[in-house]
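[1] Next comes the sequence, and after it the predicted model I'd like to discuss.
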Amino acid sequence: MVKRIGIRFNLDKEYDLRIWEFLQDLNLKQHKSINKFILMCIDGYINQFITEQEQTEFIDRIISAIRTELRESAGLNLLKILSQPMQTVQPPEENKNSTADEKSALDFVFGNN
């Protein structure tokens, strides 16, 4: 069974004109016909589209797996951290050569008033 489809070229539009001229100059010894060439181009486009779509889906699955692993790993590490006893942090000993700004900053960080 053979199906037909019509195609129009608006030669006033650069895009259409470029394709029309290309098809008119097509080497018919290399390509059996303009029809076969167009079908080959469409098939190549479909294969490329499917490949890109498959690659995108594959990348999405990888990203999802990494996110899941990171969430689970972060949860385990957080549990480990929370189960450890709290450690108090002592302010460093004041250096006699410290400036007033450094002392104020240390007081702010360690809550000394």
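    Nice, I can see it.

[2] For the helix or strand hosting Arg71, what is the distance to the chain centroid?
    Using DSSP states H and E, Arg71 sits in helix 34-83. Relative to its chain's centre, helix 34-83 lies at 9 Å (C-alpha atoms, centre = their mean, to the nearest Å).

[3] and that helix, what's its mean pLDDT?
    The average pLDDT within helix 34-83 is 84.

[4] okay, now Ile7: neighbour count?
    For Ile7, the count of nearby residues is 9 (other C-beta atoms under 10 Å). In this view, the C-beta of every residue, glycine as well, is placed from N, C-alpha and C.

[5] just Asp107 next, same as before
    The burial count for Asp107: 13, using other C-beta under 10 Å.

[6] go on, Tyr45?
    Burial measure for Tyr45: 10 neighbouring residues, criterion other C-beta under 10 Å.

[7] where's it relative to Pro85, distance?
    Here Tyr45 is placed at a distance of 64 Å from Pro85 (C-beta to C-beta, to the nearest Å).

[8] give me phi/psi at Lys3?
    Recorded main-chain torsions at Lys3 are phi -110, psi 140, according to degrees, to the nearest 10.

[9] Tell me which residues touch it, please.
    Taking C-beta atoms under 8 Å, 6 or more residues apart in numbering, we find Lys3 in contact with no residue.
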